[in-house]
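> My questions are about this predicted structure, shown below with the sequence.
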Amino acid sequence: MAKPISLEKILFSQGFGTRRYCSDLVYADLVKVNGVLAQDPEERIPTDGLMLNVEGRDWEYHEKAYIVFNKPANYECSHKTTHHPSVYSLLPSPFVERGLQCVGRLDYDTTGLLLISDDGQFIHKMTTPKKNIGKVYEITTPDPITQAQMDHLLNGVVLDDDPRPCHATACEQLSENTLAMTIVEGRYHQVKRMMAAVGNHVAKLHRIKIGAYAMPQDLAQGQWRWLYPDDLKNLSQSEEQK
């Protein structure tokens, strides 16, 4: 069981503002703890199963934040964007305040499963090729996908800026112009460049799975949800463990 900590520190850790501002939220009767109006910002609260309500919004306490987000097109995975709005603009402000980062980036026009967290070790684990965690992309192409192209992807292609071949670990043709491809690396524009290297190109790109964790069917574009221990276990499952 986690050691109780002050309500002020809890609110601060969750991204609700400076410690002074968090105290003021309590004094203004804007904080409930497990459904009960809080009175003292210095009250020590057990964090196990803690549910807050801050300014009318329910908020589960999580020491470290792990969320899945269904990324829509035309958003950038950056706090400092260039041409398009940021995915962070679609998230509750406490996530931005506590410094959540995208776990790897999807291109502005790529949609689908995006992980976001403030746990540096988790981010490294999910992005390093050494862990062999597969990312599955649904690729739509303007031209029919051939068996020769899939064989080439599986055997490895060489990209312009790197002599090391990169290859798909799995390919499944879903329709004449749709392919589910699994990769474990995350090079710049890798999927698009791989498809170009085999003589086709990407018209639409959508990430559907990481490890053994698939995008929830009921998670609409632009929406997010918490990830729990079973989800994290599935995310960490490598190709070798399947």
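That came in fine, so what should we check first?
> which ones are touching the residue most central in space within the chain?
In the chain, the centroid-proximal residue (C-alpha atoms, centre = their mean) is residue 115; its distance is 0.9 Å. By C-beta atoms under 8 Å, 6 or more residues apart in numbering, the residues touching residue 115 are 66, 67, 68, 69, 102, 103, 104, 126, 210, 227, 235. For the C-beta atoms, the positions are set from N, CA and C on the backbone; glycine is no exception.
> Just the buried ones among those, please.
66, 67, 68, 69, 102, 103, 126, 210, 227, 235 (16 or more other C-beta atoms under 10 Å).
> Surely the second one touches residue 118?
What that stands for is residue 67. No - taking contacts as C-beta atoms under 8 Å, residue 67 lies outside contact range of residue 118: 9.8 Å.
> Common neighbours of those two, please.
residue 100.
> Averaged pLDDT, stretch 108-121. What do you get?
The average pLDDT within stretch 108-121 is 96.
> How about it, which residues are buried there?
108, 110, 111, 112, 113, 114, 115, 116, 117, 118, 119.
> Adding distance to residue 133 and secondary structure as columns, could you present those in a markdown table?
Putting the buried residues of stretch 108-121 into a markdown table (distance: C-beta to C-beta, whole Å; DSSP: H, G, I helix; E, B strand; the rest coil) gives the following:
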| residue | distance to residue 133 | secondary structure |
| --- | --- | --- |
| 108 | 23 | coil |
| 110 | 18 | coil |
| 111 | 20 | strand |
| 112 | 16 | strand |
| 113 | 13 | strand |
| 114 | 15 | strand |
| 115 | 11 | strand |
| 116 | 16 | strand |
| 117 | 14 | strand |
| 118 | 19 | coil |
| 119 | 15 | coil |
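> what's the domain layout of this protein?
5-60, 66-129+212-241, 134-210 (automatic domain parsing).
> CA atoms of the lowest-mean-pLDDT helix or strand in the chain as PDB?
Scoring the helices and strands of the chain by mean pLDDT, DSSP states H and E places strand 162-166 at the bottom, with a mean of 84. Provided in PDB are the C-alpha atoms of strand 162-166 (Å, rounded to 0.1, in the frame of the first residue of the first chain):
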ATOM      1  CA  ASP A 162      21.100   4.300 -44.200                       C
ATOM      2  CA  PRO A 163      22.900   1.200 -45.600                       C
ATOM      3  CA  ARG A 164      21.400  -1.000 -42.900                       C
ATOM      4  CA  PRO A 165      18.400  -2.800 -44.400                       C
ATOM      5  CA  CYS A 166      15.100  -2.500 -42.500                       C
END
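> Show me where the protein has its helices.
7-13, 19-27, 93-97, 120-127, 147-155, 190-197, 229-235 (DSSP state H).
> Output the first one as PDB, restricted to C-alpha atoms.
By that I understand helix 7-13. What follows is helix 7-13 as a C-alpha-only set of coordinates in PDB (Å, rounded to 0.1, in the frame of the first residue of the first chain):
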ATOM      1  CA  LEU A   7      -3.600  16.500  -0.900                       C
ATOM      2  CA  GLU A   8      -1.600  19.500  -2.100                       C
ATOM      3  CA  LYS A   9       1.200  17.300  -3.300                       C
ATOM      4  CA  ILE A  10      -1.200  14.900  -4.900                       C
ATOM      5  CA  LEU A  11      -2.900  17.700  -6.900                       C
ATOM      6  CA  PHE A  12       0.500  19.100  -7.900                       C
ATOM      7  CA  SER A  13       1.700  15.700  -9.000                       C
END
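> ok, what's across the strand from the closest residue to residue 112 other than its chain neighbours?
In space, and not counting its chain neighbours, residue 112 is closest to residue 207: 3.7 Å by C-beta to C-beta, 6 or more residues apart in numbering. Listed by DSSP bridges, the beta-bridge partners for residue 207 are residue 112, residue 137.
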